[in-house]
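Engineer: quick one: sequence and predicted model below, then my questions.
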Amino acid sequence: MSKCEQCIVREFSSLKALNKDELVKLAECKTSRLVKKGEVIFEEGENVNGIFCIKDGVCKLTKLSPNGKDHIVKLVTKGELLGQRSMISDEPVNLSAVALEDMQVCFVPKSEIMGFFDKNNQFSMNVMRTICGDLKDADSQMVNMAQKTVKERLAETLLYLQDTFGKNEDDTLKIQLTRDELASIIGTATESCIRLLSDFNKSGLIEIKGKKILLKDIPKLKKMV
């Protein structure tokens, strides 16, 4: 793994505000690890005591519902940090993080991060902006769940997956979610999600290639949103 000051990924997170000396200190205390697809990075209710910086890969943040099912709250990709809110509030994490593909992550202890927080105003402002952004996204998601139909939410999610994570060489969505995971994101039963995908396929909005999905009529999908 590269030194923190040479890591391009940090430019996408709050860490971009750290100066060279702080980055050297960060590199000395961080630990790096490879996370396999399906592996848990941390579980809801756990005391993480630090933050995780995603160097490569994608993970899902999930919340356990009263009926025992995991609901996907957010997908997180390289350049983003995990654990900022719980670190600031000094509480256990309220979500679980699970790798959707093989990942590279770095862990920085809370003691070191809080030192930067106290001494570097720009860094602390960046962290607060990120947390505020997460709250704004949560508000939007709540409104979507209440006001948009499942069909509209599916169209919006498919567009988001392509815009955020890109496409493969065959133009299918690069990130490959199971039907259960897709249903969890849009807030419906797996059977309903499968039925809607089939309807989208028949209507020519998408093309289903095994487990892969190709967006065929993006203008129509955007009109649905």
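Structural biologist: Nice, I can see it.
Engineer: quick check: buried residues in the lengthiest helix in the chain?
Structural biologist: Criterion DSSP state H: the longest helix present in the chain is helix 121-147. For helix 121-147, the neighbour count (16 or more other Cβ atoms under 10 Å) marks 123, 124, 126, 127, 130, 144 as buried. From N, CA and C alone the C-beta is placed, and that goes for glycine too.
Engineer: is it true that residue 92 touches residue 49?
Structural biologist: No. Using Cβ atoms under 8 Å as the test, residue 92 is too far from residue 49 to be in contact (9.8 Å).
Engineer: the helices in this protein, which residues?
Structural biologist: Under the criterion DSSP H, helices of the chain are mapped to 20-29, 84-89, 110-119, 121-147, 150-165, 179-186, 190-202, 218-224.
Engineer: show me what counts as buried in the second one.
Structural biologist: It stands for helix 84-89. 84, 85, 86, 87, 88.
Engineer: now swap in the first one and tell me
Structural biologist: Along helix 20-29, these residues count as buried under the neighbour rule (16+ other Cβ under 10 Å): 22, 23, 25, 26, 27.
Engineer: per-residue pLDDT of the most centrally placed residue in the chain, please?
Structural biologist: Centroid-nearest residue in the chain, with Cα atoms, centre = their mean: residue 76, separated by 1.6 Å. Residue 76 carries a pLDDT value of 92.
Engineer: ok, residue 6 next?
Structural biologist: 66.
Engineer: how does the protein divide into domains?
Structural biologist: Following the TED database, the chain resolves into domains at 4-145, 148-223.
Engineer: by mean pLDDT, show me the worst of these.
Structural biologist: domain 4-145 (a mean of 87).
Engineer: run the chain-centre distance for that domain.
Structural biologist: Domain 4-145 sits 9 Å away from the centroid of its parent chain (Cα atoms, centre = their mean, to the nearest Å).
Engineer: next one: stretch 142-158
Structural biologist: The answer for stretch 142-158 is 18 Å, by Cα atoms, centre = their mean.
Engineer: send the alpha carbons of it over as PDB?
Structural biologist: Extracted in PDB, the C-alpha atoms of stretch 142-158 (Å, rounded to 0.1, in the frame of the first residue of the first chain):
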ATOM      1  CA  MET A 142     -37.000   9.200   3.100                       C
ATOM      2  CA  VAL A 143     -39.000  11.500   0.800                       C
ATOM      3  CA  ASN A 144     -38.400   9.100  -2.200                       C
ATOM      4  CA  MET A 145     -39.600   6.100  -0.200                       C
ATOM      5  CA  ALA A 146     -42.800   8.100   0.900                       C
ATOM      6  CA  GLN A 147     -43.700   9.800  -2.400                       C
ATOM      7  CA  LYS A 148     -42.200   7.800  -5.300                       C
ATOM      8  CA  THR A 149     -43.600   4.500  -6.600                       C
ATOM      9  CA  VAL A 150     -41.500   1.400  -6.600                       C
ATOM     10  CA  LYS A 151     -41.200   1.600 -10.400                       C
ATOM     11  CA  GLU A 152     -39.800   5.200 -10.100                       C
ATOM     12  CA  ARG A 153     -37.400   4.200  -7.400                       C
ATOM     13  CA  LEU A 154     -36.100   1.300  -9.500                       C
ATOM     14  CA  ALA A 155     -35.500   3.500 -12.500                       C
ATOM     15  CA  GLU A 156     -33.800   6.100 -10.300                       C
ATOM     16  CA  THR A 157     -31.600   3.400  -8.700                       C
ATOM     17  CA  LEU A 158     -30.500   1.900 -12.100                       C
END
